[in-house]
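1. task: produce atomic coordinates for the following.
(2 chains)
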Amino acid sequence: EAQVTQNPRYLITVTGKKLTVTCSQNMNHEYMSWYRQDPGLGLRQIYYSMNVEVTDKGDVPEGYKVSRKEKRNFPLILESPSPNQTSLYFCASSLVGTRGYEQYFGPGTRLTVT
Amino acid sequence: RKEVEQDPGPFNVPEGATVAFNCTYSNSASQSFFWYRQDCRKEPKLLMSVYSSGNEDGRFTAQLNRASQYISLLIRDSKLSDSATYLCVVFPSGSARQLTFGSGTQLTVLP
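-> Just a heads-up that it's a prediction; the model follows:
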């Protein structure tokens, strides 16, 4: 089954404790992306990757890191989480080209930073 | 001005009603347009692409007006199961060749 998986689905942590949210896709997509979703603000892109070892900042990259060592995986790293990073996070993947392609989203990770 | 703007609603309509949403975008160079559906705090899923000539998929009709820079979604004969948030998506938007999501329009279909 074609899918994007994220782990963990729910996470409660404390300020400053490093964490990683994993994302994996089995569709051989070149493009992967992380979004956060907050009430009234919609989906905002954090980072994206056009292919292995190619990553770039989205609209709200501060406080986050990513890596793309393998095509299927695109982990999101919060080195020192803060309460303003409490949010619902989605990973997505798609083909890449001259037009926008359908984004396949993971089920989401609900993060609470106290 | 936001790159993609939607009326957040909520739109509360009775079953069987016809409802329409608009979405405006700021980048006249945008090439591709989509409507996604998101159920309560779940992942967004593609509902339909929007083609220049307009397109239909069952009870759903999408249209693009490039001159006025907006896209629309029309839902006929609303069902309870249509209750969701509808996200307008534009590509590319801004200097980066990325998708930009609107903040969504919430629809509740009432029995």
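
2. that's a helix at residue A:84, yeah?
-> Yes. Residue A:84: assigned to a helix according to DSSP: H, G, I helix; E, B strand; the rest coil.

3. enumerate every residue touching residue 7.
-> All of this is about chain A. By Cβ atoms under 8 Å, 6 or more residues apart in numbering or on different chains, the residues touching residue A:7 are A:21-22, A:109. In short, each C-beta sits where N, CA and C put it, glycine included.

4. um, chain B though
-> Residue B:7 neighbours (Cβ under 8 Å, 6+ apart): B:21-22, B:105.

5. just the closest of those to residue B:69, please.
-> Comparing the contacts of residue B:7 against residue B:69 with Cβ to Cβ places residue B:22 closest, at 10.7 Å.

6. so the closest one: helix, strand or coil?
-> Assignment for residue B:22 (three-state DSSP): strand.

7. give me the number of residues near it?
-> 16 (other Cβ atoms under 10 Å in any protein chain shown).

8. for it, give the beta-bridge partners.
-> Taking DSSP bridges as the rule, residue B:22 bridges to residue B:72.

9. so it sits against residue B:70, correct?
-> Yes. Shown here, residue B:22 and residue B:70 form a contact pair, counting by Cβ atoms under 8 Å, at 5.4 Å.

10. who does whichever strand or helix holds residue B:47 pair up with?
-> Residue B:47 belongs to strand B:45-50 when assigned by DSSP states H and E. Strand pairing for strand B:45-50, using DSSP bridges, gives strand B:32-38 (antiparallel).

11. and the contacts of the partner strand?
-> A:99-100, A:102-103, B:25, B:44-50, B:60, B:62, B:64, B:71, B:73, B:84-91, B:99, B:101, B:104.

12. where does the prediction get shaky in chain A?
-> In the predicted model of chain A, residues A:97-100 satisfy pLDDT under 70.

13. close to chain B: what parts of it are there?
-> A:35, A:40-43, A:45, A:48, A:56, A:58, A:88, A:90, A:98-100, A:102-103, A:105-108, A:110 (Cβ under 8 Å from any Cβ of the partner chain).

14. just the buried ones from those residues, in PyMOL syntax?
-> Of the residues of chain A next to chain B, the buried ones can be selected in PyMOL as follows, counting by 16 or more other Cβ atoms under 10 Å in any protein chain shown:
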select buried, chain A and resi 35+42+43+45+48+58+88+90+100+103+105+106+108
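
15. among the residues of chain A next to chain B, which lie within strands?
-> Counting by DSSP state E, the part of the residues of chain A next to chain B found in strands is A:35, A:42-43, A:45, A:48, A:56, A:88, A:90, A:105, A:110.

16. and those residues, which two are furthest apart?
-> Once Cβ to Cβ is applied, those give A:56 and A:110 as the farthest pair, at 25.7 Å.
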